[in-house]
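1. coords below, sequence missing:
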């Protein structure tokens with residue numbers, strides 16, 4: 001277990017401009033200087049392709065699996081696969097989900113589209129249906145009620161619960177343990193989109209035991225765009241991949257033997273990896289980012305965010321803004337809902353004037369902090385909210 005300690009601000013590891021207050025990691029993480037350096041090195045490697053060998057095709061990917069397995073506490077790195085996007089990972093799940101007429105798939109309201117469209121298509125094809133658990137209208141106890149309604153929606157005809165750990169628009173946290181227990185009881189799968197939590201909010205695969213965890217690399221994993229990582233559990237061991245690439249077949253490491261075609265796949269979940277998974281630029285960048293995260297410790301990232309965000313949240317509550325109670329959110333990303341008398345357009349104008357970068361999602365201002373932020377950043381954010389009440 002990682003020991004929790006308060007890390008110092010890590011802003012010197014990034015190249016963020018001084019005239020902008022970046023509170024928007026939930027949109028896209030800035031690259032660390034070390035990750036940028038590794039990417040440039042990978043780009044230059046292609047100038048001399050004779051230097052690209054076995055390690056670049058296979059070794060770095062194995063290191064990447066091990067680093068991600070460490071981050072999410074997965075015992076077997078061979079259950080980690082390299083994919084291009086969350087939608088690709090969800091498509092793997094959709095292809096292998098056993099669904100019959102009258103079955104249902106449970107999602108939550110206004111879930112990110114990549115974790116909705118596959119299930120809509122599959123439900124139409126199989127004459128099944130989607131059960132959408134909308135956010136409660138209640139202003140108090142909203143997260144608790146939403147979680148309760150989610151558990152109530154899972155029934156004996158549920159074949160899949162597809163949710164995020166935290167909701168992408170406002171950071172509402174879902175009780176994965178409770179959902180996993182309910183799905184176990186009823187024989188349903190649970191698939192998690194970890195894009196807005198993994199890397200900043202601790203998640204233990206060995207404890208939650210989801211059937212799949214799909215996570216984009218460019219947000220809280222601090223990596224580049226167009227590379228994602230998936231954990232695929234035993235349910236998928238004998239399933240059908242989306243592609244039939246050479247590198248996912250048994251003994252593909254032996255380039256001289258590739259025309260002796262194999263029916264067998266690589267072990268574990270590796271049959272599901274994308275073609276050209278050995279990206280000589282993105283893979284080492286993603287690996288470097290994960291090594292930095294493992295050095296920091298996810299528990300320590302969350303502790304830093306909590307130390308930074310909670311005093312600001314207390315002041316926002318005193319000003320009359322609404323923020324979910326701590327049990328049902330993390331400290332790395334939280335939604336600030338406005339009282340009726342506050343004009344969102346006026347707030348956005350003030351944020352723009354002050355160079356405070358956040359995201360507006362529906363009626364919520366989504367604030368996300370990281371190790372590159374400091375107390376002055378949060379004070380600047382507060383001044384913008386204070387100016388409109």
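-> Nice, I can see it. Predicted model only: the values in this text are computed from it and were never measured.

2. Could I get the full set of helices for the stretch 1-150 of the chain?
-> For the stretch 1-150 of the chain, helices defined by DSSP state H, counting those that start in this stretch occupy the ranges 33-45, 54, 60-72, 86-96, 117-126, 142-153.

3. Quick one, which of those helices gets closest to residue 19.
-> helix 33-45 (18.9 Å; CB to CB). Where you see a C-beta, it was placed from the backbone N, CA and C, and this is true even at glycine.

4. name the helices or strands packed onto the closest one?
-> When contacts are defined as 3 or more CB pairs under 8 Å, 6 or more residues apart in numbering; DSSP states H and E, helix 33-45 sits against helix 282-296.

5. Tell me the buried residues in the helix it packs on?
-> For helix 282-296, the neighbour count (16 or more other CB atoms under 10 Å) marks 282-293, 296 as buried.

6. next one: stretch 110-128
-> By neighbour count on 16+ other CB under 10 Å, the buried set for stretch 110-128 is 110, 111, 112, 114, 115, 116, 118, 119, 122, 123, 126, 128.

7. I'd like the distance from that stretch to the chain centre, please.
-> 19 Å (CA atoms, centre = their mean, to the nearest Å).

8. before we move on, what about stretch 43-61?
-> Mean-position distance between stretch 43-61 and its chain equals 28 Å (CA atoms, centre = their mean).

9. Please work out which residues outside it touch it.
-> Stretch 43-61 is contacted from outside by 82, 247, 253, 277, 278, 280, 281, 283, 284, 287, using CB atoms under 8 Å, 6 or more residues apart in numbering.

10. Tabulate the buried residues of helix 282-296 in TSV, adding columns for pLDDT.
-> TSV is the format used below for these (pLDDT from 0 to 100):
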residue	pLDDT
282	98
283	98
284	98
285	98
286	98
287	98
288	98
289	98
290	98
291	98
292	98
293	98
296	98
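
11. Of those, which is the nearest to residue 18?
-> Relative to residue 18, and with distances defined as CB to CB, the nearest of these is residue 292, at 22.3 Å.

12. Find the residue closest to the closest one in space, skipping its chain neighbours.
-> Counting by CB to CB, 6 or more residues apart in numbering, residue 292 lies nearest to residue 32, which is 6.1 Å off, once chain neighbours are set aside.

13. what are the pairing partners of the top strand by length along the chain, and which direction each?
-> Longest strand of the chain, by residue count under DSSP state E: strand 158-164. Its sheet considered, strand 158-164 pairs with strand 104-108 (parallel), strand 189-193 (parallel) by DSSP bridges.

14. how about residue 341, phi and psi?
-> phi -80, psi -10 (degrees, to the nearest 10).

15. Report pLDDT for it.
-> pLDDT recorded at residue 341 is 82.

16. ok, now residue 364?
-> Confidence at residue 364, expressed as pLDDT, is 87.

17. how many neighbours does it have?
-> Using other CB atoms under 10 Å, residue 364 is surrounded by 22 other residues.

18. out of the contacts of stretch 43-61, which are buried?
-> 82, 247, 277, 278, 280, 281, 283, 284, 287.

19. in the sheet, who's paired with the residue nearest to residue 292?
-> Note on residue 32: beta-bridge partners by DSSP bridges are residue 14.

20. Could you check how many residues crowd around the nearest residue to residue 110 once chain neighbours are set aside?
-> Closest residue to residue 110 apart from its sequence neighbours, by CB to CB, 6+ apart: residue 169 at 6.0 Å. Using other CB under 10 Å, the number of residues around residue 169 comes to 22.
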